[in-house]
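Q: sequence plus predicted model, see below.
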Amino acid sequence: MTKRDGQQSNALAADARSEPARVLLVADELAVGDRAAAGIEDRADRFEVTRAEDAAEGLSVVDRKPVDCVVSGYDLPGMDGVEFLRTVRERVGDLPFVLFTARGSEAIASEAVAAGVDEYLPVGGDNDAPDAPDAPDAPDDNESNDDPYATLASRVDYAVSRSHTERRVTEHLDRMTDAFCGIDESWRLTYLNKRAAELLPRDAEDLLGDQIWDRFRALRGTELEEQFRDAMATGEPTAFEFHFAGPDLDLAIDAYPSDTGLSVYFRDVTEEKERKRELRELSERLRLAVEGADAGVWDWNIRTDEVRFDERWASMLGYDRSEIAFDLAGWEERVHPDDLSAVWSALEAHFSGATEQFQCDYRMETKGGEWKWIRDRGRVVERNDEGEPVRAVGIHIDVTEEKKRERDLKRYRRLVDELPDSVAVYDADGRFSVVNDRIVDVYDSTPEELIGRQSPLVARLRERSEDDPFAALVAGDRETLSGTVELDFPVRSDAIVDFGFQRLVIDGEFDGVLGIARDVTEKRRRQRDLERTSARLEALYEDSPDMINIHDEAGEIVDANPVMAAELGYDREEIVEMDVWEIDTDMDPAEAIDVWQSLEMGETHRLETTFRRADGTTFPVEVQIRRVDVQGEDRFLATSRDISERKAYERRIERENERLDEFASIVSHDLRNPLNVLSGYLRLARETGNESYFERCDTALDEMERLIADVLTLARQGDAVGSVDPVSLGELATRHATDAFGSIGDDGGGDGADAGDDADDSVEVAVETKGDVLADPGRLKRLLQNLFRNAAEHGGDRVVVGDLSDGFYVADNGPGIPENRRDEVFESGHTTSESGTGFGLAIVERIAEAHGWEVTLTAGADGGARFEFTGVERP
């Protein structure tokens with residue numbers, strides 16, 4: 001018998017014995033009735049016999065109150081026993097009925113069996129009469145020849161028990177939340193409970209009695225048929241998951257074979273599987289986000305000049321952490337000599353309180369002798385009583401690429417300044433807001449003098465036109481404006497100028513008007529300018545660090561620069577005649593064509609999208625598309641730039657900002673209370689001279705030290721796990737149980753700080769786990785320590801470490817945590833213990849996330865807290 005069957009049988013048996021069995025006795029002879037009643041009541045205390053003089057009185061009893069079994073003679077007044085049986089069945093249905101008569105004969109027995117009697121017993125023990133059909137497990141009445149009344153009592157006991165059990169089974173199956181169906185040895189459906197009828201896409205009554213392979217032909221040849229047939233053949237229960245295509249359900253199925261067929265329990269796990277898939281995806285995204293963070297951490301003891309660097313800090317410069325000396329000189333000797341003075345100036349300004357945090361960008365030498373730009377950010381986290389800095393922490397971020405982009409921007413500005421054309425941005429009133437060097441020379445002025453002055457070119461346009469074309473640009477009534485005008489400049493009079501204006505819109509808002517003007521007075525100079533511009537454009541096109549292509553209005557690429565071919569992994573000839581959307585994975589051809597056609601000549605459209613290389617890999621890009629006229633034909637110039645580094649940098653900055661905000665919140669909030677306590681008792685000690693207050697100051701300092709240590713541990717444990725090893729979870733937990741781990745209140749030489757001396761470390765650890773898990777041994781040790789300590793701090797004295805199908809759990813017998821507060825316990829600083837800092841379970845969550853595990857808090861079997869870790873890999 002399976003565990004499930006055994007539990008059900010026990011429950012039903014207990015249910016059957018919980019109330020008396022009510023027997024209605026209608027005897028055809030008084031003496032027989034007296035002895036029959038005595039025999040039945042002597043059988044067991046649970047039998048309660050009600051006597052009736054005849055069939056009419058018996059039917060009245062059946063109508064008035066519940067009856068579990070009827071025992072009747074044959075020769076009754078008014079109607080015989082068989083007629084009485086038929087009448088009872090018409091009114092009550094399958095109520096157990098025993099015909100026990102002094103007048104036994106084969107004819108009476110045959111008539112009773114035909115009417116559906118459950119038992120036929122002649123008082124005289126006439127074995128020649130046919131018996132009523134017995135169930136396979138009916139009692140063996142060896143004493144029947146000696147004592148027919150004992151046999152009667154045995155048969156009544158069996159009939160009542162079987163009836164009760166059958167009713168309880170039906171009620172139980174209908175109350176089950178799982179679906180249930182019965183299948184006989186010929187594969188016919190014999191029973192469906194309400195839940196099964198709801199799940200199956202057929203009428204339940206219509207299905208009963210039919211073979212499942214005939215009614216559900218799609219099940220033939222599937223895993224379900226294979227599992228069911230194996231269970232029937234071997235007699236072994238089976239459990240599996242199966243996707244039922246008919247109603248489109250994922251089912252968890254348990255099948256229990258017996259001599260008469262299969263008992264099948266099935267449960268809809270469609271939503272559960274979808275949730276598991278979503279959790280796996282979320283876990284993977286979190287793992288990738290953690291791995292993508294690229295910041296190194298330093299911790300500086302200013303009094304001793306000891307500086308602790310993490311592995312990421314060292315690897316940023318090409319070192320292993322073991323190769324870095326943990327002192328200030330190890331950092332200082334790698335800073336570029338030209339930058340060191342500025343770094344110390346920024347540090348001293350922060351130490352003196354002039355700045356809220358230290359921040360500086362400078363160069364550092366890598367192990368390979370190259371120079372990397374580092375963005376250093378940090379702050380003093382501890383000062384002595386005189387306000388002098390004692391300890392500072394901070395982060396290093398590699399900003400070499402950002403500095404390169406800044407240099408590129410300066411180069412672009414230089415290029416604009418070097419252009420032979422006068423370039424300016426005008427505000428809505430036509431005043432200069434940005435000017436290049438060329439326009440400064442034209443007006444024989446300085447940039448500072450020109451900014452804010454009215455543009456002569458804009459004034460000239462307004463003079464010669466009845467309407468105001470510049471105002472139309474500002475208002476958005478037009479996007480571009482071009483033409484030729486005559487102007488007087490300080491360095492040249494009667495100059496002929498070609499100009500082009502374009503309305504600038506940045507982030508959806510008007511930002512000014514871009515104007516480009518050129519003096520075309522002399523043909524030679526014009527030709528020279530055109531040649532120079534042509535050469536520069538060609539150089540920009542061929543040698544540009546950006547990817548550039550030209551395509552027509554149908555999306556076919558007609559030219560591409562070498563950088564684009566190299567970046568995408570094609571030959572230059574291969575790209576030509578390809579369609580743009582063969583490269584741009586996000587582009588919809590119809591939408592793209594609509595955008596291109598909406599562009600004015602010379603107008604630029606900017607977007608971010610994704611390019612696909614020839615090898616199938618993709619990368620994010622920023623694209624600027626400009627509509628141009630090439631020898632009278634519409635063309636579109638697309639300049640594209642790989643922004644993978646920028647995107648990664650934005651993600652890193654966002655992650656680090658979140659962590660800095662968290663640390664700032666912890667330091668500012670949780671340290672304030674012990675600082676206030678320390679300040680108060682120091683004041684009382686000075687005012688009263690009572691030295692006992694210094695002991696309370698020491699307590700406050702201890703609390704601050706614990707908080708700081710847990711904050712540091714919280715920071716370190718959040719880093720992604722690099723390499724993992726097979727670790728015996730049971731052995732690791734057992735070592736703690738045998739005190740090799742160290743007491744609960746002691747760090748045991750691990751990576752955290754002392755958790756206090758007042759924690760109760762008398763916790764019994766029960767190990768119910770086998771095998772190894774893939775983990776960082778030190779971090780897993782810290783995770784177990786914190787959970788054991790959490791149990792002790794909250795009154796638990798026993799912890800169980802056990803296996804899950806995809807992980808493990810740690811459960812204690814403490815007071816537990818209410819369901820509506822379980823999400824709060826992983827928050828930094830949250831505690832309900834007077835001795836806890838509130839970071840223990842936050843550290844547990846960080847360690848789990850660093851491994852890519854999911855931690856869930858539920859109630860344990862003993863009512864305590866149960867922490868389940870899933871997504872755990874095993875070797």
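A: In hand now; what should we look at? Numbers count the residues shown, from 1 in each chain.

Q: does V297 have beta-bridge partners, and which?
A: I395 (DSSP bridges).

Q: test my guess that it contacts A314.
A: No: when contacts are counted by Cβ atoms under 8 Å, V297 is not listed as touching A314 (10.7 Å). For the C-beta atoms, the positions are set from N, CA and C on the backbone; glycine is no exception.

Q: more neighbours: which of those two?
A: V297 (21 against 18; other Cβ atoms under 10 Å).

Q: show me what contacts that one?
A: Contacts for V297 (Cβ atoms under 8 Å, 6 or more residues apart in numbering) come out as 309-310, 312-313, 393-396, 715.

Q: do you know how far it is from T304?
A: To T304, V297 is 18 Å away according to Cβ to Cβ, to the nearest Å.

Q: pLDDT score assigned to L121?
A: Confidence at L121, expressed as pLDDT, is 85.

Q: what's the answer for D338, then?
A: Predicted confidence (pLDDT) for D338: 95.

Q: next one: the helix or strand harbouring it to chain centre, how far?
A: D338 belongs to helix 337-351 when elements are defined using DSSP states H and E. Its chain's C-alpha centre and that of helix 337-351 lie 44 Å apart, by Cα atoms, centre = their mean, to the nearest Å.

Q: repeat for stretch 558-573
A: The answer for stretch 558-573 is 41 Å, by Cα atoms, centre = their mean.

Q: just the terminal-to-terminal distance for it.
A: 10 Å (Cα to Cα, to the nearest Å).

Q: give me the average confidence score over that stretch.
A: Here the average pLDDT along stretch 558-573 is 90.

Q: swap in stretch 299-310?
A: 91.

Q: likewise stretch 262-275?
A: On average, stretch 262-275 scores 87.

Q: contacting residues for P77?
A: 53-55.

Q: of those, which is the most crowded?
A: A55 (22 neighbours).

Q: if we can go back for a sec, neighbour-wise, give me the winner out of the contacts of V297.
A: H396 (24 neighbours).

Q: ok, that residue touching A295?
A: Yes: H396 is within contact range of A295, at 6.6 Å (criterion: Cβ under 8 Å).

Q: quick check: which element contains A153?
A: helix 148-175.

Q: what about the helices in the stretch 651-800 of the chain?
A: 672-688, 692-717, 729-737, 777-793 (DSSP state H, counting those that start in this stretch).

Q: quick one: contacts of the helix holding D338?
A: Contacts of helix 337-351 (Cβ under 8 Å, 6+ apart): 332, 335, 355-360, 362-363, 376, 378-380, 389.

Q: among these, which ones are in helices?
A: Among the contacts of helix 337-351, the members falling in helices (DSSP state H) are E332.

Q: can I see the domain layout of the protein?
A: Recorded structural domains for the chain (assignment: automatic domain parsing) are 3-171, 176-268, 297-396, 405-535, 544-647, 671-870.

Q: want to throw the ones you listed into a markdown table with distance to R275?
A: Formatted as a markdown table, the domains of the chain follow (distance: least, Cβ to Cβ, whole Å):
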| stretch | distance to R275 |
| --- | --- |
| domain 3-171 | 25 |
| domain 176-268 | 12 |
| domain 297-396 | 34 |
| domain 405-535 | 39 |
| domain 544-647 | 29 |
| domain 671-870 | 11 |
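
Q: quick one, which of those domains gets closest to K276.
A: domain 671-870 (9.2 Å; Cβ to Cβ).

Q: now, of the helices of the stretch 651-800 of the chain, which is deepest in the fold?
A: helix 777-793 (a mean of 23; mean count of other Cβ atoms under 10 Å).

Q: elements contacting that one?
A: helix 692-717, strand 725-728, helix 729-737, strand 798-804, strand 807-812, helix 840-851, strand 865-870 (3 or more Cβ pairs under 8 Å, 6 or more residues apart in numbering; DSSP states H and E).

Q: picking that back up, downstream of the helix holding A153, the next helix or strand is which one?
A: Following helix 148-175 toward the C-terminus (DSSP H and E): strand 179-184.

Q: no more questions from me, cheers.
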